[in-house]
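Novice: Would you be able to build a 3D model of this:
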Amino acid sequence: MPLYPSIGIFEWMSIDKEIVEDFVNESKSLIEELLDLLEGIEGDFSQVRKLAEYGNNVDRIMGGAKSLALMAPPDHALHMISDYAALCKAVGYKASQIVGNEQFFNVCVALLLDATETLETLLANIHKDSAFLRETIPQAFIDRLRWVSNQFNESYSSSVDTGAAPSKMNQFEIDDLLKKLGL
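Specialist: Next up is the predicted model:
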């Protein structure tokens, strides 16, 4: 017999809307920084390393979403935002390590610009259901993300150098995140 028979298991795990709004507002300011950074380096391969800064900032959104998602039902948008931000982070970190391939750098920056704008849309619709949010992610973006991720070999780390063992995000992990997103 359930401990609380009159309520569903997740009804008592309600997430405070004010906390979610604070997260969204902080994330919106980070999105502005991310877009400014990407627009500032667009077409300037000499600034490829700045994509690690992109990865660090989008990691803050991912971490906040993951933390809040612990208090949210499994179908809450925070889970999707967290996974989506993880994809952005991995591409940002990996792209920061591109050497001698200006065209690929330009493709990655363009992909991250689109991805960041979509992340902004996800945040703006945080109170909508996951099915609606999935519809905001264009199939063309998913196809481009898969193509870009296939261009990175195992020598590309999905984290910045912190002195610890490098973290590798392989194609399987990227595909797994896409599957978690329902894409």
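
Novice: just the helices in the chain please.
Specialist: For the chain, the helices defined by DSSP state H cover 17-41, 50-69, 77-95, 102-124, 130-135, 139-151, 171-180.

Novice: Highest mean neighbour count out of those?
Specialist: Among these, ranked by average contacts under mean count of other CB atoms under 10 Å, first place goes to helix 77-95 (a mean of 24). Placement of C-beta: from N, CA and C, glycine included.

Novice: what does stretch 114-129 rub up against?
Specialist: Outside of stretch 114-129, the residues within contact range by CB atoms under 8 Å, 6 or more residues apart in numbering are 20, 24, 27-28, 31, 34-35, 38, 58, 61, 75, 77-78, 80-81, 84-85, 87-88, 91, 132-133, 136-138, 141, 144-145.

Novice: swap in stretch 40-57?
Specialist: 30, 33-34, 37-38, 88-90, 92-93, 95-98, 102, 105-106, 108-110, 112-113, 159-160.

Novice: what sits against the most centrally placed residue in the chain?
Specialist: Centroid-nearest residue in the chain: residue 85, 1.0 Å away (criterion: CA atoms, centre = their mean). Contacts for residue 85 (CB under 8 Å, 6+ apart) come out as 58-59, 61-62, 65, 119.
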